[in-house]
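# Let's see this in three dimensions:
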Amino acid sequence: MEDDSMQKDRVEAALAAARTCLATRFIGASHLFVAGSILRGDGNAFSDIDLVVLYPKLERAWRESLVLDGFPIEAFVQDPETLAYFFKSDAERGVPVIIDMVANGVIVGDGAADAVALQQRARQILAVGPRPLAGAPLDAMRYILTDLADDLRAERPADEVAAIAAQLYPRLIDLILLGRGQWTGNGKWGPRLLRRFDARLAEIAAEAFGDAVQGRAAALLALTDQELARHGGRLFEGYRSDAALEARIPAGA
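Model prediction:
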């Protein structure tokens, strides 16, 4: 573990790298939000810096990766309209990736009033929480978990059990969190947010997943069945998901 002095130095170095990015790479941007584990004080040697970069107007938003002053940097480049789109998209999915970066990021650059207003908006969205899990999104989640659980119940080689468990585990976390009105997250953020919400339940889920990766799926299946029962139970027969009307290529095209 780094001591407080070393962590403070890394934070200052990360902020300096962000300022350099704004001045030399994102010329014309008004400000940016600097986020990530380094800024939270729990980064490691492989941690990157997350930037949400704001221009007054862009043709389109984009994401790019770079390395500066020894820091890997993920930049999400936006203008107010594209940022509003991704706020809405993240909120609808229940996965507030860019919302969290803006809500908890450090503001660098000009346009402080606009930046503060965006940050307040992001914090308001986080405070309200995700939309209730119901209807088609809930049915899709129940169906996928039912299908994966049935795959997991069959006699299979241990490597297949591990592969199925690796698909089921993050979806189970989504159901646990969203089903209780909590935000969920991608990758490492799923278990992290579950620990914040209910440390004991997170421990149970992690132990069950660890057993399943070793070929012992009973505990993970029991937890999945328990969570499905909270939301109407298993769903397979009668489930339907329609493709978009434009999902076709005309003959000869």
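# what about stretch 55-73, start to end distance?
Separation of the first and last residues of stretch 55-73 by CA to CA, to the nearest Å is 18 Å.
# That stretch: how far from the chain's middle?
Relative to its chain's centre, stretch 55-73 lies at 19 Å (CA atoms, centre = their mean, to the nearest Å).
# do the same with stretch 11-25
With CA atoms, centre = their mean as the basis, stretch 11-25 stands 24 Å off its chain's centre.
# Now it: buried residues?
By neighbour count with 16 or more other CB atoms under 10 Å, stretch 11-25 contains the buried residues 11, 14, 15, 17, 18, 21, 22, 25. In this view, the C-beta of every residue, glycine as well, is placed from N, C-alpha and C.
# Could I get the full set of helices for the chain?
For the chain, the helices defined by DSSP state H cover 4-24, 37-40, 80-93, 97-104, 112-128, 135-153, 158-178, 189-197, 199-213, 218-230.
# can you put those helices in TSV and add distance to residue 56 and mean pLDDT?
Conversion of those to TSV gives the following (distance: least, CB to CB, whole Å; pLDDT from 0 to 100):
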stretch	distance to residue 56	mean pLDDT
helix 4-24	14	87
helix 37-40	25	79
helix 80-93	8	96
helix 97-104	17	96
helix 112-128	9	93
helix 135-153	35	97
helix 158-178	35	97
helix 189-197	31	96
helix 199-213	42	97
helix 218-230	45	97
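# To residue 62, which of those helices lies closest?
helix 80-93 (9.2 Å; CB to CB).
# Can you give me the buried ones in the closest one?
Under 16+ other CB under 10 Å, the buried positions of helix 80-93 are 80, 82, 83, 86, 87, 90, 91, 93.
# and what of stretch 163-182?
Quick answer for stretch 163-182 (16+ other CB under 10 Å): 164-165, 168-179, 182.
# which residues sit against it?
Residues from elsewhere that reach stretch 163-182, judged by CB atoms under 8 Å, 6 or more residues apart in numbering: 94, 129-130, 132-133, 138, 141-142, 144-145, 148-149, 151-152, 156, 183-184, 186-187, 190-191, 193-194, 197, 201, 205, 209, 212-213, 217, 220, 223-224, 227-228, 230-231.
# Name only those of those that count as buried.
If you count burial by 16+ other CB under 10 Å, the buried members of the contacts of stretch 163-182 come out as 94, 130, 133, 138, 141-142, 144-145, 148-149, 151-152, 183-184, 190-191, 193-194, 197, 201, 205, 209, 212-213, 217, 220, 223-224, 227-228, 231.
# Can you give me the domain assignment for the protein?
Using automatic domain parsing, the domains assigned to the chain come out as 4-128, 135-230.
# could the ones you listed go into CSV alongside distance to residue 252?
Listed next are the domains of the chain as CSV, based on distance: least, CB to CB, whole Å:
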stretch, distance to residue 252
domain 4-128, 32
domain 135-230, 34
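# isn't residue 119 right up against residue 105?
Yes. Counting by CB atoms under 8 Å, residue 119 does reach residue 105; the two are 7.4 Å apart.
# overlap in contacts of these two?
residue 33.
# Those two: which is more packed in?
The residue with more neighbours, out of residue 119 and residue 105, is residue 105; 23 against 17, by other CB atoms under 10 Å.
# Provide the backbone phi and psi angles at the more buried one.
Phi and psi for residue 105, reported as degrees, to the nearest 10, are phi -80, psi 160.
# so what's it up against?
32, 33, 34, 35, 39, 50, 52, 119.
# give me that answer again for 10 Å
Shown in contact with residue 105 (CB atoms under 10 Å, 6 or more residues apart in numbering): 18, 32-36, 39, 50-52, 98, 115, 118-119, 122.
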